[in-house]
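In: build me a model from this:
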Amino acid sequence: MKIDVTKEHINKGEKSFDMCPVALAIRSALHPKHIKVGVGSRTCTLGGISVSLPPDAAERVANYTRTGKMEPFSFRLDVSRVFRRIYYGANNDDDTELKSGATDGNT
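Out: Here you go, the predicted model:
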């Protein structure tokens, strides 16, 4: 899933696990919207399932936490296994931490 962190997310963002610009952007992209989202320094949590952030996104979150500043960017987040576990109850230990890829710009 492509995640676009926009100026709106950055302007509304806070230095908190569930309200940082990246968490707001992920929440905006999710359907259904009721899944809880939180973003840490290297992972995000979607409905209680940990997903690795791409290195570029993790670096931007860490910088935002330090400075409160962020520029718009995009990245890819693999949520397919998250939804499979949420909706179908798949319980595979290999899915505990899911890996994702990052892109700059509008890829």
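
In: the strands in the protein, which residues?
Out: 2-5, 37-39, 43-46, 49-52, 73-76, 97-98 (DSSP state E).

In: pipe the ones you listed into CSV and attach distance to I26 per row.
Out: Quick note: C-beta positions are derived from backbone N, CA and C, even for glycine. Putting these into CSV (distance: least, CB to CB, whole Å) gives the following:
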stretch, distance to I26
strand 2-5, 6
strand 37-39, 5
strand 43-46, 6
strand 49-52, 9
strand 73-76, 10
strand 97-98, 13
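
In: and the ones you listed: which comes nearest K15?
Out: Of all the strands of the chain, strand 37-39 sits nearest to K15, with 10.9 Å by CB to CB.

In: that closest one - contacts with which helices or strands?
Out: If contacts are counted by 3 or more CB pairs under 8 Å, 6 or more residues apart in numbering; DSSP states H and E, strand 37-39 sits against helix 21-29, strand 43-46.

In: where among these is the average confidence lowest?
Out: Mean pLDDT is lowest for strand 43-46 among those, at a mean of 90.

In: what about that one, distance to the chain center?
Out: Relative to the centre of its chain, strand 43-46 is centred 6 Å away, using CA atoms, centre = their mean, to the nearest Å.

In: who's in contact with that strand?
Out: Applying CB atoms under 8 Å, 6 or more residues apart in numbering, the contact partners of strand 43-46 are 22-23, 26, 30, 35-39, 50-53, 77, 79, 82, 97.

In: out of the helices and strands packed on strand 37-39, nearest to A62?
Out: Closest approach to A62 among the helices and strands packed on strand 37-39 (CB to CB): helix 21-29, 10.8 Å.

In: need the phi and psi values for G68.
Out: phi 80, psi 10 (degrees, to the nearest 10).

In: wait, it touches S16, no?
Out: No - using CB atoms under 8 Å, G68 makes no contact with S16, being 11.8 Å away.

In: kindly reformat the strands of the chain as a markdown table containing mean neighbour count and distance to N11.
Out: Formatted as a markdown table, the strands of the chain follow (neighbours: other CB atoms under 10 Å; distance: least, CB to CB, whole Å):
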| stretch | mean neighbour count | distance to N11 |
| --- | --- | --- |
| strand 2-5 | 19 | 11 |
| strand 37-39 | 23 | 17 |
| strand 43-46 | 22 | 20 |
| strand 49-52 | 18 | 25 |
| strand 73-76 | 20 | 15 |
| strand 97-98 | 16 | 29 |
